[in-house]
Structure formats: structure tokens, C-alpha cells
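Trainee: Fold the stuff below for me.
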Amino acid sequence: MTSQPTKPFSVSGKTAIVTGAGSGINFEFAKILLSKNCNVVIADLSLRPEAQDLVSQYSSSSSPRAVFIKTDVTSWKDLSNAFRTTVQEFGDLDIVCPGAGVYEPTWSHFWHPPGSPESKDDPEGDGYKLLDINLVHPIRATQMAISYWMHGPGAKASPDNPKRVIHISSVAAQVPVFRAPMYGASKFGITGFVRCLANLEEVGIRVNAVAPGVVRTPLWTEDAEKIKYVNEAHDAWVTPYECAEAMLECMESEKHLGDLQQGARADVNDEQAISTHELIKQKGGKAIFVQTDVSKNDAVEYLVNRTVAEFGRVDVVVNNAGISIESGKPSRRIHDTPEEWWDTTMAINLKSIFLLSKHAITQMLKQDKNEAGDRGWIINIASIFGLVGGYALRKYILHRNWQLVNRKASYVASKGGAQNLTRSIALDYAKDGIHCNAICPGFAETALLADAVKIHDKEVIRSKHPLHGGKMDHWSTSTS
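Mentor: Just a heads-up that it's a prediction; the model follows:
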């Protein structure tokens with residue numbers, strides 16, 4: 001399979017199905033799409049007045065147009081009708097947002113089981129309505145979209161004819177919410193489902209998701225039971241418009257490719273770190289979570305200052321944030337590598353090390369040395385790819401064959417930079433009692449390499465390794 005650049009995606013002139021767009025996040029998303037010349041089919045049970053006004057505003061015969069199709073998203077027959085009517089009305093379909101969802105309503109609630117007075121779930125039935133809405137419907141809608149784009153009568157999806165599916169997950173997929181376990185399970189399912197479909201990017205279909213926290217929608221603000229769980233002093237509201245903007249960016253921007261899409265996480269809007277800090281506390285440790293864009297100077301400076309305010313000093317810094325956009329894409333040599341891939345990779349993998357080291361060292365120099373004469377330690381996560389050429393393995397989903405390809409120019413350069421920056425810091429600050437080291441692992445079984453590293457294929461990977469197997473680890477240490 002030869003690589004080919006993916007055509008930039010714009011929603012202008014496209015057609016979208018958005019479920020649950022009668023209100024909330026999906027309503028704002030529909031508004032943004034329409035404002036950018038994208039036809040929108042609103043598939044919902046009913047429309048709030050503002051949604052009805054939106055449909056009326058865009059009801060003319062000229063594009064963009066908005067059409068309402070009454071849809072029970074738990075009915076596969078209704079979903080099929082929404083897809084069929086959309087294609088009949090507009091001639092094609094480019095974007096699917098299966099966004100309809102509910103937050104542990106009393107009528108389908110883990111703590112109000114089927115048969116209880118509040119529940120509408122049938123105790124002799126076959127499922128929970130919440131899961132049908134939040135999990136089964138997005139999976140089925142995505143399946144229908146992919147089937148249409150790959151096997152339908154229209155032009156097939158390809159890098160030159162890209163298509164998009166955008167899901168709505170939640171921070172509840174990462175943080176345990178005792179009062180809403182089925183909601184958390186449904187959103188965890190969405191997150192896992194999206195990660196599993198990352199490989200479709202190479203055939204022109206991007207499946208992505210946003211994972212907001214507490215969003216100021218009627219789902220919360222008009223429910224007295226739910227609103228009492230919101231702590232205004234600690235829980236920062238997110239607006240539906242902000243979520244909708246993020247959804248648009250996920251579809252149009254190249255920076256949301258690669259490992260973030262496949263499940264590896266950089267510290268940009270990192271919900272996973274919340275679970276990590278909770279685990280530390282469960283083990284008896286002390287931890288705080290500071291949401292940080294590690295590529296931004298002000299954010300990193302705040303991170304260090306917040307740490308000092310909480311704990312009094314900074315002794316150890318681990319620069320672990322990293323992405324590998326190229327690992328999630330077909331092979332590209334440097335001449336057809338997008339500039340945005342390079343810039344994003346350098347910002348997360350290398351600039352972040354510079355920024356956090358800069359501000360941490362500033363603090364460490366203010367601190368007294370310990371009894372051993374040390375002020376602090378910095379550990380950077382580099383890679384064996386900073387030492388050797390960037391070769392990687394890829395099992396293409398269309399051909400099911402292993403190929404050895406050189407396609408990691410940005411990643412390799414960033415990790416080489418991390419190693420040399422480590423050496424520079426180590427030499428410059430040894431006299432101050434500040435140590436700087438880097439580790440350079442080979443193929444590690446993490447989400448960042450989940451697509452390449454499979455347990456049953458380890459020997460294949462080992463046989464293709466540039467060091468011909470053996471222990472795939474190298475260490476780069478300071479001279480301090």
C-alpha cells in the first residue's frame with residue numbers, strides 16, 4: 001500500500017447527520033456546521049424552540065439547509081431511515097455525529113434497577129435504555145456510516161474523499177463516578193470504540209471523539225437532582241459552544257491525528273492524568289492534578305508554581321508527554337510530511353522538555369541542597385529512535401501484511417533533540433547539584449505503539465528491529 005497525502009478536510013459544502021441536535025452540545029454543533037455552509041440533518045425525538053428556529057432559518061432551497069427527521073436513536077429502523085432520507089435529500093453524506101446521550105436518568109439508572117418504581121427498563125427485557133442511547137446507537141450509526149462510505153452507491157471514502165465521524169465521550173470515561181456507573185461505562189465504551197477505529201484514517205475515514213467535563217446544557221441545568229452534584233467553586237463549567245468548536249477542530253485539523261487518536265495521551269486536555277492522581281491518593285500518596293498544555297510557556301510556569309504552592313519545592317521532574325503522529329499514518333518520507341505534523345510533534349515532544357526543565361530548574365536553584373548535595377533531578381523520556389533511523393512496523397488493515405517502513409522523521413528528530421538537550425542540561429547544571437538523565441526505550445507496549453506492538457507479533461517486531469533483536473533498551477545518562 002503506497003502512501004498518499006490526505007486531502008485537507010473542510011465542512012463547507014458537506015452534509016452531516018447529527019443525532020440529539022434538538023438541544024445542548026449537538027445543537028451548537030449543528031449551528032456551527034450550518035454557519036460554515038454545511039447541510040445538517042437533525043435526528044432527534046423533538047426540537048426545543050431554539051432548534052426549531054434554526055431549522056426554520058435554514059429551510060430555504062439553497063445551501064446550507066437544515067432538515068429535522070424525527071428519530072428514536074435506539075431504533076435501528078429509525079436510524080436507517082435517517083441515513084436513507086439524508087442521502088435522498090442531499091445526494092451524499094460526509095459527516096456523522098451520533099451525539100445523542102443521557103446522564104443516568106432515574107428511568108434507566110444503575111441504582112434504580114429494572115422493576116423499581118422509577119425505572120422504565122423492563123425487568124424481563126434485554127437491555128438498559130441508557131446503554132442503548134449512549135453506546136449502542138453510536139456504534140450502530142458509525143457502522144452504518146462506514147458501510148455507506150465503503151460499500152454504498154456513491155464515491156468511496158479515500159484520502160482524496162475524506163469522511164468524518166465525531167463522537168461525544170466524557171471525562172466520566174476516565175474518572176469514576178459512583179452515582180452514575182452506567183453513564184461512565186457507556187462513555188468508557190465510546191472512548192475504547194473510537195480508539196479501535198483509528199486505522200480507518202488511512203482509507204480517509206476519521207473517527208474521533210471529544211471528552212468534556214461538566215457542560216452547561218439543559219441536561220444539567222434543568223435537572224434539580226443533577227445540578228446539586230455540581231460544585232460551583234471547583235467544577236468549571238464548559239459551554240456547549242466550546243465543545244462544538246472542539247468537535248469541529250477534531251474533524252478539520254491535522255494535529256488530532258496519530259497517537260492521541262489511538263489512545264496515547266499528551267498532557268493537552270489530559271483526562272487520564274486525573275485517574276493517575278486518584279490512584280496515587282488511593283495508595284496513600286499525596287497528589288494533585290493540574291491540567292496543562294505542555295507546549296505553552298504560561299501553562300508550564302503555572303504548573304511549577306502550583307506544585308511549589310502545594311508541596312513547598314520541586315525535587316523530581318519527569319518529562320513524559322509525547323506523541324508520534326506518524327505511527328498512526330501510512331508511510332511518508334520527509335518531503336511529503338505535513339509541516340503541521342512536524343510543528344505539533346516538536347511542541348509536545350521537545351519544546352515541552354525545554355519549558356518544564358527551564359521553569360523547574362529556576363525553582364531548584366532557589367532550593368537548599370539536601371544532605372547529599374543535590375537540588376533536584378530531571379528525567380526525560382527519549383527513544384531508541386533518537387539513536388537509530390526511524391523504522392516502524394505496520395499491519396495495514398486492508399492487506400493484512402507486515403511492512404517495514406521509514407516514516408517517523410518528526411518523531412525521530414524530536415527524540416534526538418531530547419537526548420542532546422538532556423546532555424546539555426546535565427553538563428550545565430551538574431555544579432548546582434541538578435541531575436538530568438534520559439531513558440531511550442525501544443518498542444514498549446504502550447498505547448502509543450498499540451497499533452504496531454501486538455503480543456502474538458513480538459517475534460516479527462524483534463526480527464525487524466534495527467539492532468537485530470536482543471534487549472531493546474538504551475540508556476543515556478548525564479556526566480554529573
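Trainee: Can you give me the pLDDT of the closest residue to L47 other than its chain neighbours?
Mentor: Using Cβ to Cβ, 6 or more residues apart in numbering and skipping the chain neighbours, the partner closest in space to L47 is G22 (4.5 Å). (Glycine included, C-beta is placed from N, CA and C.) Here, the pLDDT recorded for G22 equals 88.
Trainee: Can you give me every residue that contacts G22?
Mentor: With Cβ atoms under 8 Å, 6 or more residues apart in numbering as the criterion, the residues that contact G22 are 42, 44-48, 51.
Trainee: Let's see that with 6 Å instead.
Mentor: By Cβ atoms under 6 Å, 6 or more residues apart in numbering, the residues touching G22 are 44, 46-48, 51.
Trainee: Narrow the residues you listed to those in strands?
Mentor: For the contacts of G22, membership in strands holds for D44, with DSSP state E as the criterion.
Trainee: hmm, which of the contacts of G22 are the buried ones?
Mentor: The neighbour count (16 or more other Cβ atoms under 10 Å) marks 44, 47, 51 as buried among the contacts of G22.
Trainee: Can you list phi and psi of A21 for me?
Mentor: In this entry, A21 is assigned phi and psi values of phi -80, psi 10 (degrees, to the nearest 10).
Trainee: Am I right that it is in contact with A43?
Mentor: No - checked against Cβ atoms under 6 Å, the pair A21 and A43 is beyond contact range at 7.4 Å.
Trainee: What is the neighbour count of Q57?
Mentor: When counting by other Cβ atoms under 10 Å, one arrives at 11 neighbours for Q57.
Trainee: Look up how far Y58 lies from the closest residue to it other than its chain neighbours.
Mentor: With Cβ to Cβ, 6+ apart as the criterion, Q57 has its nearest non-adjacent residue at 7.5 Å, and that residue is A66. The spacing between A66 and Y58, counted by Cβ to Cβ, to the nearest Å, is 4 Å.
Trainee: What's the local residue count around the spatially closest residue to R48 that is not a sequence neighbour?
Mentor: If the residues on either side of it in the chain are set aside, R48 comes closest to S23, at 4.7 Å by Cβ to Cβ, 6+ apart. The local packing of S23 (other Cβ under 10 Å) involves 20 other residues.
Trainee: wait, doesn't S23 sit right on L47?
Mentor: No - applying Cβ under 6 Å, one finds S23 not in contact with L47, separated by 8.1 Å.
Trainee: Okay, V165 and I379: tell me how far apart.
Mentor: Using Cβ to Cβ, one obtains 38 Å as the distance from V165 to I379.
Trainee: Of these two, which one has the most company?
Mentor: Here V165 and I379 are set side by side on neighbour count (other Cβ under 10 Å), and the busier one is V165, at 23 against 15.
Trainee: strands paired with the helix or strand containing that one, and their directions?
Mentor: Per DSSP states H and E, V165 falls inside strand 163-168. Using DSSP bridges, strand 163-168 pairs in its sheet with strand 95-98 (parallel), strand 205-210 (parallel).
Trainee: Quick check on R84: phi, psi?
Mentor: Dihedral angles of R84 (phi, psi; degrees, to the nearest 10) stand at phi -60, psi -40.
Trainee: Next, count neighbours for it.
Mentor: Residue crowding around R84 was assessed by other Cβ under 10 Å; the count is 13.
Trainee: Give me the domain ranges for this structure.
Mentor: 15-252, 278-476 (automatic domain parsing).
Trainee: mind listing the helices for the stretch 301-450 of the chain?
Mentor: 339-346, 352-364, 409-429 (DSSP state H, counting those that start in this stretch).
Trainee: want to throw those helices into a markdown table with distance to D94 and mean neighbour count?
Mentor: As requested, the helices of the stretch 301-450 of the chain are arranged in a markdown table below (distance: least, Cβ to Cβ, whole Å; neighbours: other Cβ atoms under 10 Å):
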| stretch | distance to D94 | mean neighbour count |
| --- | --- | --- |
| helix 339-346 | 22 | 18 |
| helix 352-364 | 35 | 21 |
| helix 409-429 | 29 | 20 |
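Trainee: In which helix or strand does I69 reside?
Mentor: Assigning secondary structure by DSSP H and E places I69 in strand 66-70.
Trainee: name the helices or strands packed onto that strand?
Mentor: Secondary structure elements in contact with strand 66-70, counted by 3 or more Cβ pairs under 6 Å, 6 or more residues apart in numbering; DSSP states H and E, are strand 39-44, helix 49-57, helix 76-90.
Trainee: Check what contacts the second one and list those residues.
Mentor: Spelled out, it's helix 49-57. Helix 49-57 has contacts (Cβ under 6 Å, 6+ apart) with 22, 27, 66, 68.
Trainee: Among those residues, which one sits closest to K296?
Mentor: Each of these was scored against K296 by Cβ to Cβ, and F27 proved nearest at 30.7 Å.
Trainee: and the angle from the strand or helix carrying that closest one to helix 49-57?
Mentor: Here F27, judged by DSSP H and E, is contained in helix 24-35. Interaxial angle of helix 24-35 relative to helix 49-57 (axes from the mean of the first three to the mean of the last three Cα atoms, to 10 degrees): 20 degrees.
Trainee: Could you list the alpha-carbon positions for helix 24-35 in CSV?
Mentor: Listed next in CSV are the C-alpha coordinates belonging to helix 24-35 (Å, rounded to 0.1, in the frame of the first residue of the first chain):
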residue,chain,number,x,y,z
GLY,A,24,-27.3,21.1,24.1
ILE,A,25,-23.8,20.3,22.6
ASN,A,26,-25.2,18.8,19.4
PHE,A,27,-27.5,21.8,18.8
GLU,A,28,-24.4,24.1,19.0
PHE,A,29,-22.5,21.8,16.7
ALA,A,30,-25.3,21.9,14.2
LYS,A,31,-25.3,25.7,14.4
ILE,A,32,-21.5,25.8,13.7
LEU,A,33,-21.8,23.4,10.8
LEU,A,34,-24.6,25.5,9.2
SER,A,35,-22.6,28.7,9.7
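Trainee: List phi and psi for V18.
Mentor: As for V18, its main-chain torsions (degrees, to the nearest 10) stand at phi -130, psi 110.
Trainee: and the gap between it and P138?
Mentor: Distance of V18 to P138, given as Cβ to Cβ: 12 Å.
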